[in-house]
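Asks: just a sequence and a predicted model for now, questions to come.
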Amino acid sequence: MKKMSGIKFSGKSIKFSIVLLLALLVTGSAWAEFTPEKVHFLIPGGAGGGWDGTARGVGKALVDSGILKHASFENMSGGGGGKALNHLISTARRQHGTMMVNSTPIIIRSLQGVFPQSFRDTTPIAAVIADYAAFVVPANSKYQSWKEIIADFKKDPKSVKIAGGSVKGSMDHLVPAMAVEAAGGDPLKLVYVPYDAGGKAMAGLLSGDTQVLSTGFSEALGLARQGEVRILAVTSEERLTQAPDVPTLVELGYDVSFANWRGFFGAPNLPAEKADGYRAMLAKMYKTSEWEQIRTNRGWQNLYRPGEEFIKFLENQEKAIGGMMKKLGFLK
């Protein structure tokens, strides 16, 4: 038996201590070493769309701020986002360096059966931004408030036509249906006019074919700043800094809020340390001036929901959207 400073050590205890120390060092380095240096962004739609803008905006902020050394981008359109989702899942073993951008449609299209997978078949990383919905009227519209639209709707639902840049059953349809229901109206009586693009829906509004446009806040903001339209209400819980004079539905007395979030998903069975590394990377991005400039210019709102918080958020939105889709007859 050896004595050192009054503490007794045996040969076995020294050997065990060394083994334990090495194990801790190896484990610690494994956790510490995954700081992403490069990320491949998988985009389920074409160039210029919301997913494309989000992925490239996030990638640019990460690289320009020095958080990330390299970002690559791949647009993979098809199947309403299903082609990219299937690619991420079917090639999971080689996709540990990939983050797929997506948003509320991954929930809607999964519920509709457009593709058989859902967010549960991936590793949800984090929600990053929110683009809240906005209700817009032409600058010369007689309507000065959302309450006036609700009043007319209750008198004669057919007198208020609401346009959207996507098909029936999409977000542009579901959000005003939720708003009408929250005001005590019948969402089944809502006259929704679908257009195959946001620009066409805006043209329909400005030409007088419809009275109201349901769209994303960031899309409405530019035209509102130019004076072509007025935004009557937004679906955020609090007023948005880019439009401080526009009330929320909540403050108008209607218990409804809705965020078209955009976020990122990793391959299924992605190691926990890698998923956490991506989450930490995104959290760090929020503190940079590069991100703040991109976010402000595009009218985005920060919405950081990592890991389990993101999963719970997705489950709650799935429940709310699924319930309205059933009421409108889009789900059995």
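Replies: Cool, the structure landed.

Asks: shouldn't Phe330 be within a helix?
Replies: No. Remark: Phe330 does not belong to a helix; assigned using DSSP: H, G, I helix; E, B strand; the rest coil, it is coil.

Asks: neighbours of it, just the number please.
Replies: 18 (other C-beta atoms under 10 Å). (Each C-beta comes from the backbone N, C-alpha and C, glycine too.)

Asks: not counting its neighbours along the chain, what's nearest it?
Replies: Among residues not flanking Phe330 along the chain, Gly169 sits closest, at 4.2 Å (C-beta to C-beta, 6 or more residues apart in numbering).

Asks: next one: Gly198
Replies: That would be Gly165: by C-beta to C-beta, 6+ apart, it lies 3.4 Å from Gly198.

Asks: from Gly80, how far out is that neighbour?
Replies: From Gly165 across to Gly80, the span is 15 Å (C-beta to C-beta, to the nearest Å).

Asks: so between these two, which is more surrounded?
Replies: Gly165 (22 against 17).

Asks: how close does that one get to Leu270?
Replies: In terms of C-beta to C-beta, Gly165 sits 34 Å off from Leu270.

Asks: do you know how far Ala182 is from Leu282?
Replies: 32 Å.

Asks: mind listing the strands for the protein?
Replies: Listed in chain order, the strands of the chain (DSSP state E) span 2-4, 7-9, 38-43, 70-75, 98-103, 123-138, 161-164, 191-194, 212-216, 229-234, 259-266, 301-306.

Asks: how about those, which one is nearest Lys327?
Replies: The closest of those to Lys327 is strand 191-194. By C-beta to C-beta, the value is 13.5 Å.

Asks: and that closest one, what does it pack against?
Replies: Of the remaining helices and strands, those touching strand 191-194 by 3 or more C-beta pairs under 8 Å, 6 or more residues apart in numbering; DSSP states H and E are strand 161-164, helix 171-182.

Asks: shaky segments in the protein?
Replies: Along the chain, the parts satisfying pLDDT under 70 run over 1-33.
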